[in-house]
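In: Next one to model:
(2 chains)
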2 protein chains.
Amino acid sequence: MNRISKLALALACCLALHAEAAEPAAKKPLATAEIIAQSKPDDWRALDPENTLYLELASGRVVMALAPDFAPKHVANVKALVREGYFDGLAFLRSQDNYVVQWGDPNGDDKDKQRAMKQGQRALKAEFDRRWAKTLPFTPLGNVDGYSPEGGFSGGFPAARDVKNGRAWLAHCYGMLGAGRGDTADSGSGAELYVVIGNAPRHLDRNVTLLGRVVQGMELLSVLPRGTGPLGFYEKPEQYVPIKSIKVAADVPESERTRLEVMRTDSDAFKDLIESRRNRREDWFLAKSNYVELCNVPLPVRPAPTK
Amino acid sequence: MNRISKLALALACCLALHAEAAEPAAKKPLATAEIIAQSKPDDWRALDPENTLYLELASGRVVMALAPDFAPKHVANVKALVREGYFDGLAFLRSQDNYVVQWGDPNGDDKDKQRAMKQGQRALKAEFDRRWAKTLPFTPLGNVDGYSPEGGFSGGFPAARDVKNGRAWLAHCYGMLGAGRGDTADSGSGAELYVVIGNAPRHLDRNVTLLGRVVQGMELLSVLPRGTGPLGFYEKPEQYVPIKSIKVAADVPESERTRLEVMRTDSDAFKDLIESRRNRREDWFLAKSNYVELCNVPLPVRPAPTK
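Out: From the prediction side, this is the model:
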């Protein structure tokens, strides 16, 4: 095996099983790939078609999971917009390096030219955070999260909570989906959406409504040519990256769906995964971190087993 | 101003001056753009041509600053390889989403086919960290860095130190340049290089030799099509992204150099900048973080003033 491949393997998420993987787990802490390989069916769940979006680009499909537990009004509004075809034919307007890609109506603020909405709303009350409740699943990260009293994972999303003050919120990690807003808290609605493509901009937490995440197809968004205008806006309309359509998975014929499972973030397998990221167990690693940043724990995704 | 632009502006690094910027700094903490606008010439330094590389792609030039204070042997070896033309005509072999792009000789491990080296070395003693010395500049981050005893900045690079044990090292932030290695610590040399294009993989700190950073042109690397093979390797040679050449800036005629200045990370302006990132001062932000992750402090770069 060549040197490049060695480095690559050691850094990988999904490796072939080591020979030792058949030994009892207690004997040796498992590396990420082994945890995934040894996981049980119950450690996974299928995406809910009613809360899954397919963003169709010329380059392929981006699959996004919505977070109604955290942003119910924004999720409902985006689904309403999707179902009235609002996004179809709109475009990515912005691609800012190490930050976000953003899409919407290029004429969104021109009342004469903007695309009409039927059921959708142009502004909604902010959902920057929500009430913390014990009924909300929460798997703690297990070490300090500088940006919050406690980081963790809820329903497949990186999140944070402040139990003392009774609040919980989603975290701006790579691939998270958010609703652009203007100067005031209640000026967004999901008609303009962005996805994080760079180092986690966690300073945006509790400043913008997050409503979901990309679970497949990030590589189609992260390579969009960076806009040359200020903040990565495309300077010419011909640079816009067209959106063929956005659909709710439930509205797509079953044969055309992308059937995926994500690891349950409240499963024992995911808790093991966090540990395997806090201290990498692959032989390649010589120094251990004994720490993992919230956004450095990936959500394992796999094709759903055939029935 | 439309809603998208408002969001964009609020998120921006380099804004137009607010009207208030003319008031004494003590009256109002300055936002990032104001700090840059009000900085003094001494807060900046020109890149050292002898420790600056130009990576030339069909899409343009990537400018990289080398870190001889942290990886003197690797920097010397990469410069030797550059000066013997080793990299010219080689290619990017790997682009892994949210992780790294990597270049080198596709036949690097095939002794019959590999590109010959003259002065360059194929393996060097690791430079994962160095001795901590008070002569090394170090501007502390000022809040917890989970991955190290103390995060900060040294000579324009994100770094960390462990004063108790007398060590210091560079940190794997977006845009950092590293030397791929095999299974053993001393198996890298800089003949294969990678740049971080995703959320900071800080678990690599002290596991790989970092030797510099990109200071201009990241947007040319971050959009390289993701490889479809395991770990983002390109599966077919025709997918490789060719490198026209890599040159040491000092070897390029002055008229063809990219004359840049970077903010001195030991300047008062940079210390202010850290504070302005710990708590964003732009009006758009409603919730303050009171925290900044090491890799979320950008290094301001600007064209060098004309003489």
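
In: Please make it C-alpha for all contacts and neighbour counts, starting now.
Out: Noted.

In: how about stretch A:188-201, does it reach chain B?
Out: Yes. Counting by C-alpha under 8 Å from any C-alpha of the partner chain, contacts between stretch A:188-201 and chain B involve A:E192, A:I197, A:G198, A:N199, A:A200, A:P201.

In: for stretch A:244-259, the distance to its chain's centre please.
Out: Mean-position distance between stretch A:244-259 and its chain equals 18 Å (C-alpha atoms, centre = their mean, to the nearest Å).

In: How about A:T184: what's its closest non-neighbour residue?
Out: B:W284 (7.7 Å; C-alpha to C-alpha, 6 or more residues apart in numbering or on different chains).

In: The one you found and A:S187 touch, don't they?
Out: No. B:W284 is beyond contact range of A:S187, at 11.8 Å (criterion: C-alpha atoms under 8 Å).

In: For the stretch 101-250 of chain A, which segments count as strands?
Out: Applying DSSP state E, counting those that start in this stretch to the stretch 101-250 of chain A gives strands spanning A:130-131, A:139-140, A:150-154, A:157-162, A:167-170, A:176-179, A:193-196, A:209-216, A:241-242, A:245-248.

In: May I have the beta-bridge partners of the closest residue to A:F138 other than its chain neighbours?
Out: Once flanking residues are discounted, A:F138 sits nearest to A:S154: 4.8 Å by C-alpha to C-alpha, 6+ apart. Beta bridges link A:S154 to A:F157 when assigned by DSSP bridges.

In: quick one: pLDDT of A:S154?
Out: For A:S154, the pLDDT comes out at 98.

In: Touching stretch A:275-291 from outside, list them.
Out: Residues from elsewhere that reach stretch A:275-291 (C-alpha atoms under 8 Å, 6 or more residues apart in numbering or on different chains): A:7, A:10, A:29-32, A:143, A:292, A:296-297, B:146-147, B:182-185, B:203-207.

In: and these, which are buried?
Out: A:7, A:10, A:29-32, A:143, A:292, A:296-297, B:146-147, B:182-183, B:185, B:203-207 (16 or more other C-alpha atoms under 10 Å in any protein chain shown).

In: Could you pull out the helices in chain A for me?
Out: For chain A, applying DSSP state H gives helices covering A:3-11, A:32-38, A:72-83, A:218-221, A:268-278.

In: do you know which of the ones you listed lies nearest A:E50?
Out: A:E50 sits nearest to helix A:72-83 of all these, at 9.0 Å, using C-alpha to C-alpha.

In: Who's the closest spatial neighbour of whichever residue of the stretch 51-200 of chain A sits closest to chain B, skipping the chain neighbours?
Out: Using C-alpha to the nearest C-alpha, the single residue of the stretch 51-200 of chain A nearest to chain B is A:N199, 4.1 Å away. Nearest non-adjacent residue to A:N199, counting by C-alpha to C-alpha, 6+ apart: B:N199, 4.1 Å away.

In: State the distance from that neighbour to A:H172.
Out: 11 Å (C-alpha to C-alpha, to the nearest Å).

In: Then A:D162?
Out: A:D162 is 16 Å from A:H172, by C-alpha to C-alpha.

In: try A:L90
Out: From A:L90 to A:H172 the distance is 24 Å (C-alpha to C-alpha).

In: Neighbour count: those two, which is higher?
Out: The neighbour comparison of A:L90 against A:H172 (other C-alpha atoms under 10 Å in any protein chain shown) goes to A:H172, with 28 against 21.

In: Next one: the residue lying closest to the more buried one once chain neighbours are set aside from B:A287, what distance?
Out: Among residues not flanking A:H172 along the chain, A:R202 sits closest, at 5.0 Å (C-alpha to C-alpha, 6+ apart). Distance from A:R202 to B:A287, counting by C-alpha to C-alpha: 11 Å.

In: neighbour count winner among the two?
Out: Applying other C-alpha under 10 Å to A:R202 and B:A287 shows that A:R202 carries more neighbours, namely 22 against 15.

In: Where does the prediction get shaky in the stretch 201-307 of chain A?
Out: Scanning the stretch 201-307 of chain A for pLDDT under 70 picks out the ranges A:307.

In: Indicate the residue of it located nearest to chain B.
Out: A:V223 (4.0 Å).

In: Show the contacting residues for the spatially closest residue to that residue that is not a sequence neighbour.
Out: If the residues on either side of it in the chain are set aside, A:V223 comes closest to B:V223, at 4.0 Å by C-alpha to C-alpha, 6+ apart. Counting by C-alpha under 8 Å, 6+ apart, B:V223 makes contact with A:S222, A:V223, A:L224, A:P225, A:R226.

In: Who wins on neighbours among those?
Out: A:S222 (31 neighbours).
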